[in-house]
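**Student:** kindly return the folded structure for what I paste below:
(3 chains)
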Amino acid sequence: MSVAAARPVTLSDFSSCEISDALIKLGVPHGGHIPDISMFSPTPPASTRSGKICAPAYTVKMVPANDNTSPRLSAHFVDTVTPGSVIVIVAPPDTKNAVWGGLMTAGAQARGAVGVVISGRCRDLAEHRAAGFPVFARGHSTLGQGTFVRPSAIDIPLVITPEGVEGSSGAFPSTEVLPGDWIIADEDGVVCVPQSLVDQVVELATIGREIDARCMEDIKAGKGIQASFLKYRGK
Amino acid sequence: MSVAAARPVTLSDFSSCEISDALIKLGVPHGGHIPDISMFSPTPPASTRSGKICAPAYTVKMVPANDNTSPRLSAHFVDTVTPGSVIVIVAPPDTKNAVWGGLMTAGAQARGAVGVVISGRCRDLAEHRAAGFPVFARGHSTLGQGTFVRPSAIDIPLVITPEGVEGSSGAFPSTEVLPGDWIIADEDGVVCVPQSLVDQVVELATIGREIDARCMEDIKAGKGIQASFLKYRGK
Amino acid sequence: MSVAAARPVTLSDFSSCEISDALIKLGVPHGGHIPDISMFSPTPPASTRSGKICAPAYTVKMVPANDNTSPRLSAHFVDTVTPGSVIVIVAPPDTKNAVWGGLMTAGAQARGAVGVVISGRCRDLAEHRAAGFPVFARGHSTLGQGTFVRPSAIDIPLVITPEGVEGSSGAFPSTEVLPGDWIIADEDGVVCVPQSLVDQVVELATIGREIDARCMEDIKAGKGIQASFLKYRGK
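**Tutor:** Coordinates of the predicted model:
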């Protein structure tokens, strides 16, 4: 878990949890967390950190197929993805069809995208896993996209609403993802880091990891969690 | 992914997604998809196509145990299953108990059934996995069936309602499963093919696969998704 | 599946399902089942019984962080866990943050706890799995505990409410877990056995297993489920 000193430390050195912790310290409400999105590829649940992604967001908004007023795209949204980015797709709430499949994984890999995070569903699981392409989603489906929803905009701010939040007593806020925000996703979930905070997050996550490592050493030695937290976290 | 030419192509050559695509083309609303049912056995999530089932439906309807007006069965529903079929069970909505367990898997295997698809829950996961028997369900439980629900009818049309659809903004319709309809289930989910459409589905899925294979080749070669779709799908 | 005769039979010899069956026979409503909690560590879904836990409950109640009227703890709840127990945590409903992470697993292992069952979420999945520490929860998150909820009481009776039960047509009751009640958790789910019933549960589960083993033998031999149940269960 130690960070090598020979090269600069970057966001990609940290887990989604460590980054959420840093964002909480920076006052970002709910630590940039986008709830209830899980790793579907590579084969979940990964017992290692394989499948983790850390890259700037390329955003895609889907609307219902019968929405005739929202804008239309002139190109397929995968063909225009920025190499090295993670595709973040928001489908309309409660969509039962997939908005990501095997041909899109092939196209995304050909363009050099590093993964996809979907507030919605995916399909063709076996193909993503065989391709080793990271896919994070709310669920799976056998249904494709065309009949039900359509892409309407790319490179725009997205608002990602937790599923079922209407009926929830403990309302969790929506997360805003701007194009170029950093997305970190692993088996614990998905976090969005605003571009302006990247340096501060790396700094705080580095400190946080050092403190956690000391706590872990003491805790494993049986010195107690409270005593370790008091000693190294000061509370 | 190519279909061998030496024997007739059948439904079982295709994935649940390919079959949904064909049903959509045939105008079946929502492509025969039964949402939110996942593979629980063999060990999910399968990284290969192992566990896929494709067989005619043998239907079973459960009612609450305290329902004294619905019919009763004279035999255990597993004892009367047609060899070579997939058992499709609908439990009342929000049932927290399982309606399928280890003894039923043993009985189903003794009768030659090929798997079970449950709009409801299963238990004894380790036993199904050890037996290599495919079990698709909405969830798991420690509770058995008897105290909570009872089988009321077999070989009747089933109406499978998506869970939580009442409060949903994007209402997804119920799926009707008739006895003898073909059920295809794999890691992407469950699809029902009406008997009358089997030949057309095979025909369209064969064409769809050929087109997808050409698209895939071009997409992997970096020719773009939009250009490939235009070239091979005509749009 | 047979129980060795050379040592006393105990609760830990049985699966969560067998124990639920015994509790149902003893008239415990809903067989002590706590719904919708799944194994997150070791790597789920386990294809074997690894990760199963069976131990007395050490109970922990969390309240929202902004609850200033509920009691506060003077020690960290993990530091005071009874060796050999399973930690049972109830978080407020719909909590999107985790209430269990890697440092707590280290602390719990240092204290000799055998696992944790959470009506709520966990994080740091890779750490629990690497440590081989059983973690059962409703979901995962990247968010830690401190900002959102806080522990308020230990060693008190817990009331565990099924998620989303408000809107449910088939209302499932809450489960009460008292300190010292036995918790059995495996890949099928979580069951709570009141201390006063342990001996009776073991007795009934032993009988139940013998009967099931005879049924299984006949069912595998093709003698039918109904005939086997009638022969060995008397109905």
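
**Student:** for chain A, which helix is longest?
**Tutor:** helix A:198-220 (DSSP state H).

**Student:** so what touches the strand or helix carrying residue A:20?
**Tutor:** Taking DSSP states H and E as the criterion, residue A:20 maps to helix A:16-25. Outside helix A:16-25, the residues that touch it by CB atoms under 8 Å, 6 or more residues apart in numbering or on different chains are A:11, A:14, A:31-33, A:52, A:184-186, A:188-191, A:193, A:197, A:200-202, A:204-205, A:208-209, A:212, C:98, C:101, C:123-124, C:142-144, C:146-147. From N, CA and C alone the C-beta is placed, and that goes for glycine too.

**Student:** chain B contacts on chain A?
**Tutor:** Within chain A, the residues that sit near chain B (CB under 8 Å from any CB of the partner chain) are A:40, A:43-44, A:64, A:75-76, A:78-79, A:92-98, A:101-104, A:106-107, A:109-111, A:123-126, A:129, A:139-144, A:146-147, A:164, A:166-167.

**Student:** narrow those to those in strands?
**Tutor:** Residues of these located in strands (DSSP state E): A:40, A:64, A:139-140.

**Student:** and the residues you listed, which are buried?
**Tutor:** Listed as buried from these are A:40, A:139-140; burial here means 16 or more other CB atoms under 10 Å in any protein chain shown.

**Student:** thinking again about what came up before, relative to helix A:16-25, how tilted is the longest helix of chain A?
**Tutor:** Interaxial angle, helix A:198-220 versus helix A:16-25 (axes from the mean of the first three to the mean of the last three CA atoms, to 10 degrees): 110 degrees.

**Student:** what residues of the helix or strand that helix A:198-220 is followed by count as buried?
**Tutor:** Per DSSP H and E, the first helix or strand lying C-terminal to helix A:198-220 is helix A:225-232. Neighbour counts over helix A:225-232 (16+ other CB under 10 Å) mark A:225-226, A:228-229, A:232 as buried.

**Student:** OK, contacts around residue A:139?
**Tutor:** Contacts for residue A:139 (CB under 8 Å, 6+ apart) come out as A:121-122, B:36.

**Student:** cool, and residue A:32?
**Tutor:** Taking CB under 8 Å, 6+ apart as the test, what residue A:32 contacts is A:19-20, A:23, A:175, A:191-194.

**Student:** would you turn the buried ones among the ones in strands among the residues of chain A next to chain B into a markdown table with pLDDT and distance to residue C:83?
**Tutor:** Output for these, formatted as a markdown table (pLDDT from 0 to 100; distance: CB to CB, whole Å):
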| residue | pLDDT | distance to residue C:83 |
| --- | --- | --- |
| A:40 | 90 | 39 |
| A:139 | 95 | 40 |
| A:140 | 95 | 42 |
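
**Student:** pLDDT value on residue A:146, please?
**Tutor:** Note on residue A:146: pLDDT of 84.

**Student:** element containing the residue nearest in space to the middle of chain A?
**Tutor:** Residue closest to the average C-alpha location in chain A (CA atoms, centre = their mean): residue A:190, at 3.2 Å. Residue A:190 belongs to strand A:189-193 when assigned by DSSP H and E.

**Student:** now residue A:133
**Tutor:** Under the assignment here (DSSP H and E), residue A:133 is part of no helix and no strand.

**Student:** contact partners for it?
**Tutor:** A:41, A:105, A:108-109, A:115-116.

**Student:** buried ones in stretch A:125-139?
**Tutor:** With burial defined by 16+ other CB under 10 Å, the residues of stretch A:125-139 counted as buried are A:125-131, A:133-139.

**Student:** so what's the nearest residue in space to residue A:120 that is not next to it in sequence up against?
**Tutor:** The shortest distance from residue A:120 to any non-neighbouring residue, by CB to CB, 6 or more residues apart in numbering or on different chains, is to residue A:91 (3.0 Å). Residues near residue A:91 by CB under 8 Å, 6+ apart: A:62, A:99, A:118-121, A:149.

**Student:** okay, those in TSV with pLDDT next?
**Tutor:** Shown next, in TSV, are those (pLDDT from 0 to 100):
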residue	pLDDT
A:62	97
A:99	97
A:118	97
A:119	96
A:120	96
A:121	96
A:149	95
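
**Student:** what's the closest of those to chain C?
**Tutor:** residue A:119 (14.2 Å; CB to the nearest CB).

**Student:** separation between that closest one and chain B?
**Tutor:** Applying CB to the nearest CB, to the nearest Å, the value for residue A:119 to chain B is 13 Å.

**Student:** surely residue A:190 is in contact with residue A:177?
**Tutor:** No - assessed by CB atoms under 8 Å, residue A:190 is found out of contact with residue A:177, at 9.6 Å.

**Student:** list the residues that contact both of these two?
**Tutor:** A:34, A:183.

**Student:** and the two most separated of the buried residues of stretch A:125-139?
**Tutor:** For those, the maximum inter-member distance is 22.0 Å, found between A:130 and A:138 (CB to CB).

**Student:** re the thing from before, between the ones in strands among the residues of chain A next to chain B, which is nearest chain B?
**Tutor:** Of those, the one sitting nearest to chain B (CB to the nearest CB) turns out to be residue A:140, at 5.5 Å.

**Student:** specify the beta-bridge partners of that closest one.
**Tutor:** Beta bridges link residue A:140 to residue A:122, judged by DSSP bridges.

**Student:** out of everything not next to it in sequence, what's closest to residue A:221?
**Tutor:** residue C:110 (7.6 Å).

**Student:** what's the answer for residue A:117, then?
**Tutor:** Nearest non-adjacent residue to residue A:117 (CB to CB, 6+ apart): residue A:136, at 4.6 Å.

**Student:** and the one you found, what is it in contact with?
**Tutor:** A:37-40, A:53, A:115-118, A:185, A:190.

**Student:** now tabulate the residues you listed in TSV and tack on secondary structure and distance to residue A:69.
**Tutor:** Below are the contacts of residue A:136 laid out as TSV (DSSP: H, G, I helix; E, B strand; the rest coil; distance: CB to CB, whole Å):
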residue	secondary structure	distance to residue A:69
A:37	coil	28
A:38	strand	33
A:39	strand	35
A:40	strand	32
A:53	strand	34
A:115	strand	31
A:116	strand	27
A:117	strand	27
A:118	strand	24
A:185	strand	32
A:190	strand	30
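
**Student:** so the helix holding residue A:20 versus strand A:189-193, what angle?
**Tutor:** Counting by the same axes, to 10 degrees, helix A:16-25 points 40 degrees away from the direction of strand A:189-193.
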